[in-house]
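Q: Sequence first, then the predicted structure, then my questions.
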Amino acid sequence: MAEDQAAEETVAPDQAAEDTNVVDHRSPAAEVDDGLRYPFEGTPEAGSVIEVAKGVFWARIPLPWSLDHINVYLFDEGDGWTIVDTGSNGSRGIEAWEAIEASVFGGKPVTRVIATHLHPDHLGLAGWLVERHKASFAMTMTEYLMASHLWAGAAQEFPEHELEYLFSMGVDRQYEPMIRSAGFGNYKRGVHSIPPVFTRLEDGSEIDLGNRRWRVIMGRGHSPEHACLLCLDEPLFISGDQVLPRITSNVSVYAREPMANPLAHWIASLDRLKQIGGDPLVLPAHGQVFYGLHARLDALIDGHLRKLRSLHGRIAEKPRSPVQTFPALFRRKITGFDFFLALGEAVSHINLLESVGLASRSFDDGVYRFEAQGTYDETDVMASVMALKGVPLRSLADFE
Ligand SMILES: [Zn+2]
């Protein structure tokens with residue numbers, strides 16, 4: 001009930017800019033959860049926004065998946081709007097944007113679209129919005145190129161090398177017909193089009209957004225070159241999928257790069273974000289806007305270190321394929337599309353253990369099996385990850 005009332009009271013940005021009696025959505029009794037605080041009551045309803053800082057508006061676009069929404073952020077630029085992230089391609093997302101255009105934009109166009117990374121829930125409607133409003137588009141180079149690659153590479157047939165990779169990771173060959181029938185075009189279905197022109201966001205560079213300076217901070221592991229935006233003028237941090245409250249982002253190894261070590265990059269990226277001072281208001285891509293960045297970063301890193309311990313224990317019993325390690329990593333039974341996310345996640349944890357000398361692989365009957373080496377110690381693992389060549393990112397102090 002309280003949430004419904006809050007939504008009704010949501011103020012459109014064109015009013016908020018002038019109206020000093022803007023409804024304050026900050027909850028007097030902010031919710032507390034594992035050191036995180038959620039200062040806004042409820043979440044934005046369809047076609048409405050919550051002003052999280054002056055001229056910065058939080059909206060939601062529905063997604064047709066079990067994760068049923070993405071947060072997008074709108075910046076009043078005076079003569080138009082900049083939006084960060086867009087929702088996935090499809091009628092529900094388009095209807096949601098049309099409602100926002102009608103109730104929030106005040107007749108002004110979208111002048112710039114920024115995508116934090118390539119995943120369809122973030123990039124999916126960028127092409128549609130850019131085309132519709134003649135807006136500019138910004139993204140990091142690797143995300144842009146990988147998005148273009150995935151979009152162009154969508155296929156009806158499941159590629160043979162992808163199938164062989166799945167079998168080599170322990171997927172039973174009896175599932176071959178089911179996997180083949182899924183096709184290989186999901187990415188293209190979720191992404192309207194790739195904007196043909198873009199402005200490159202680089203790690204450490206600065207951009208103007210909503211009358212403020214922001215630093216682009218790149219993160220790796222969840223996607224190749226994910227852009228977060230740290231406000232330099234007030235404590236605000238757009239975290240995309242790099243830092244989410246309550247849920248953890250998928251960190252996967254894919255068939256195209258089977259020896260990748262995304263979990264090492266992910267942990268190093270999270271560790272670097274601990275260099276951000278103070279307690280900024282975090283604007284994540286899913287869940288609620290929150291305070292408690294440092295507590296969340298610690299919890300995310302600790303969660304992976306615990307999973308690595310559990311995994312090391314399981315492959316210490318006997319050599320196991322990645323699929324056979326699932327019970328060490330996931331509490332619930334893995335079914336449907338989650339299976340592929342889970343496999344990617346299992347391999348990312350295994351590859352990290354291997355990279356720091358805590359696992360070794362053998363190949364027999366077309367399947368990789370992994371066996372534990374050495375003794376697992378969280379502190380040693382963290383130090384080993386940060387000592388891996390090419391993994392640590394530049395200090396944020398270098399950008400100042
Ligand atoms: Zn993502």
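A: Happy to help now that I have it. These figures come from a predicted structure and were not determined experimentally. Residues are numbered from 1 along each chain as shown.
Q: what residues does the protein put near the ion?
A: By the rule Cβ under 5 Å from the ion, the part of the chain lying against the ion is H119, D241. For the C-beta atoms, the positions are set from N, CA and C on the backbone; glycine is no exception.
Q: how close does the residue most central in space within the chain get to L300?
A: Closest to where the C-alpha atoms of the chain average out (Cα atoms, centre = their mean) is D241, at 2.3 Å. From D241 over to L300 the distance is 12 Å, taken as Cβ to Cβ, to the nearest Å.
Q: just to revisit the earlier point, for the residue nearest to the centre of the chain, what are its contacts?
A: T116, H117, H119, H122, H222, S223, H226, S249, P284, A285, H286 (Cβ atoms under 8 Å, 6 or more residues apart in numbering).
Q: Please list the members of these that lie in strands.
A: When the contacts of D241 are checked against strands using DSSP state E, the ones located there are H226, P284.
Q: between the contacts of D241, which is nearest Y175?
A: Checking the contacts of D241 against Y175 by Cβ to Cβ gives H119 as the nearest, at 24.9 Å.
Q: List the single closest residue to that closest one in space, sequence neighbours excluded.
A: S223 (6.3 Å; Cβ to Cβ, 6 or more residues apart in numbering).
Q: you'd agree that neighbour is up against D121?
A: No - at 11.5 Å, S223 does not count as touching D121 under the criterion of Cβ atoms under 8 Å.
Q: Which helix in the protein has the most residues?
A: For the chain, the helix with the greatest residue count under DSSP state H is helix 293-317.
Q: what residues does the following helix or strand past that helix touch?
A: Taking DSSP states H and E as the definition, the helix or strand that follows helix 293-317 towards the C-terminus is helix 326-329. Taking Cβ under 8 Å, 6+ apart as the criterion, the residues outside helix 326-329 that touch it are K307, S310, L311, G313, R314, I334, A342, E345, A346, H349.
Q: now do stretch 309-325
A: In this structure, residues lying in contact with stretch 309-325 by Cβ under 8 Å, 6+ apart are 169-171, 327-329, 343, 346-347, 349-350, 353, 358-359, 362, 367-372, 376, 378.
Q: from the residues you listed, which would you call buried?
A: Among these, those classed as buried by 16 or more other Cβ atoms under 10 Å are 169-171, 328-329, 343, 346-347, 349-350, 353, 358-359, 367-370, 372, 376.
Q: Next, count neighbours for E45.
A: The number of residues packed around E45, counting by other Cβ atoms under 10 Å, is 17.
Q: For it, give its distance to the ion.
A: Applying Cβ to the ion, to the nearest Å, one obtains 24 Å for the distance of E45 from the ion.
Q: likewise L163?
A: Using Cβ to the ion, which is the criterion applied here, L163 is 25 Å from the ion.
Q: Next up, the contacts around that residue.
A: By Cβ under 8 Å, 6+ apart, the residues touching L163 are E176, I179, R180.
Q: Among the residues you listed, which one lies nearest to the ion?
A: In terms of Cβ to the ion, no member of those lies closer to the ion than I179, at 22.7 Å.
Q: what's the closest non-adjacent residue to the closest one?
A: Using Cβ to Cβ, 6+ apart and skipping the chain neighbours, the partner closest in space to I179 is F158 (5.8 Å).
Q: Would you confirm that the one you found contacts G185?
A: No - under the criterion of Cβ under 8 Å, F158 lies out of contact with G185, with a separation of 10.0 Å.
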